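[1] here is my input, please return the structure:
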Amino acid sequence: MILKKSNTALVTLILLIAYFPSIAKAGLIQSDYLTTGDNLTVRDQSTGLVWLDLSLTRFMSYSQASKSFVGYRAATNTEVETLFINFFGVNDSNKTGRVYSCIKYCSPYKSNELMLQFQELFGNSGFTKNDLTKSIGLYIDEDSKLTIAGVENGSGINARYNAIYGHEWYNGSNYGGYINSIPSQYGSYLVKDNINIPEPTSFILFALSLISLILHRPNKLTFKLNTQTM
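    Model prediction:
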């Protein structure tokens, strides 16, 4: 009986541990879009938004992407800003150059852990000639201009080109053409509204309580035997 209880508790604990990897920084949880296990959406615990994987909007113009996924819409400037501030921290006030850069956030020839987490969550939007993997999305900023935010990441000598493009990143480039033309290296940030998500803390407390009940519930068989003996 004790062994059976321990096995049940162990299974519960394993399920709890399996749940942990899906919980990322800033309360972002990877989840499914159309089929079980596709991991093509990201649920934001802090805002209730669901973000669509950038790989799904690759090879689509911003306008096309914004209309192609039922229930999803283009993310606003405020929503993108909130996502990046919560994930990477508050950016500096300089709007030129790489606000979130390898110099500030990662060592030479080494990927930043946050960059890898972001790419795992939001998927690949393209590749560069330096074998960098991009996870970069288009959105319209506070000045009503189409711009980009995301990360590009490589390994070895190519890691020197690694960069995190923050929501205030700007280098004078004009991305407006991608409103109707198709980018080869960018997706678009799309979100779904008002999704109620159970907090990880609640789930963890429930699981721990269940394990405690399993381990400490009365042993009915032992009680019956003791009664008969008396």
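[2] please count neighbours and contacts with C-alpha atoms only from this point.
    OK.
[3] surely Ser55 and Phe127 touch.
    No - if you go by C-alpha atoms under 8 Å, Ser55 and Phe127 don't touch, sitting 11.5 Å apart.
[4] could you pull up the residues touching Ile179?
    Counting by C-alpha atoms under 8 Å, 6 or more residues apart in numbering, Ile179 makes contact with 61-63, 146.
[5] those residues in strands, which ones?
    Leu146 (DSSP state E).
[6] narrow the contacts of Ile179 to those in helices?
    Residues of the contacts of Ile179 located in helices (DSSP state H): 62-63.
[7] before we move on, back to that, Ser55 and Phe127: who's more crowded?
    Taking other C-alpha atoms under 10 Å, Ser55 and Phe127 do not tie; Ser55 has more neighbours (21 against 17).
[8] chain neighbours aside, what residue packs nearest to Asp44?
    Spatially, and ignoring its direct neighbours in sequence, Asp44 is nearest to Leu28 (4.7 Å; C-alpha to C-alpha, 6 or more residues apart in numbering).
[9] so who does the one you found touch?
    Neighbour list for Leu28: 22, 42-45 [criterion: C-alpha under 8 Å, 6+ apart].
[10] ok, so of those residues, who is nearest Tyr175?
    Val42 (25.1 Å; C-alpha to C-alpha).
[11] quick one: contacts for Asp53?
    Here Asp53 is in contact with 40-42, 121-123 (C-alpha under 8 Å, 6+ apart).
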